[in-house]
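Colleague: Have a look at this fold, sequence not included:
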């Protein structure tokens with residue numbers, strides 16, 4: 001069984017901080033770690049890889065471009081005229 005320490009998560013494709021990772025663990029959106037020592041925890045690599053793969057498969061494929069078509073136009077201030 002392969003495992004990841006926190007420092008191994010970023011190279012595996014997990015870009016989030018330790019705090020956010022802990023938040024996602026508590027919500028059930030990221031696998032729970034297990035303790036191997038006083039200050040050491042590990043994650044099962046297959047579980048982490050599955051979460052990363054799921055995020056890739058469900059990502060937004062079409063980027064959001066520009067305002068919503070029904071949004072009101074933003075007024076543009078007129079340029080000051082130069083009076084000579």
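Modeller: Cool, the structure landed. Keep in mind it's a predicted model, so treat the numbers as computed, not measured.

Colleague: contacts for stretch 19-37?
Modeller: The contact list for stretch 19-37, computed with Cβ atoms under 8 Å, 6 or more residues apart in numbering, reads 6, 9, 14, 16, 41-44, 47-48, 51. Glycine gets a C-beta too; all of them are placed from N, C-alpha and C.

Colleague: ok, and the most crowded of those?
Modeller: Greatest neighbour count in the contacts of stretch 19-37, by other Cβ atoms under 10 Å, goes to residue 43: 25 neighbours.

Colleague: so what does whatever helix or strand it lives in touch, helix or strand wise?
Modeller: In this structure, residue 43 is located in strand 40-44 according to DSSP states H and E. For strand 40-44, the helices and strands in contact under the criterion 3 or more Cβ pairs under 8 Å, 6 or more residues apart in numbering; DSSP states H and E are strand 3-4, strand 34-37.

Colleague: Adding mean neighbour count, distance to residue 55 and mean pLDDT, write the ones you listed out as TSV.
Modeller: Shown next, in TSV, are these (neighbours: other Cβ atoms under 10 Å; distance: least, Cβ to Cβ, whole Å; pLDDT from 0 to 100):
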stretch	mean neighbour count	distance to residue 55	mean pLDDT
strand 3-4	18	16	97
strand 34-37	10	22	94
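
Colleague: Looking at those strands, which is nearest to residue 59?
Modeller: strand 3-4 (21.4 Å; Cβ to Cβ).

Colleague: Now do the strand holding residue 43: distance to the chain's middle.
Modeller: 20 Å (Cα atoms, centre = their mean, to the nearest Å).

Colleague: and it, which strands flank it?
Modeller: Here strand 40-44 is paired, per DSSP bridges, with strand 3-4 (antiparallel), strand 34-37 (antiparallel).
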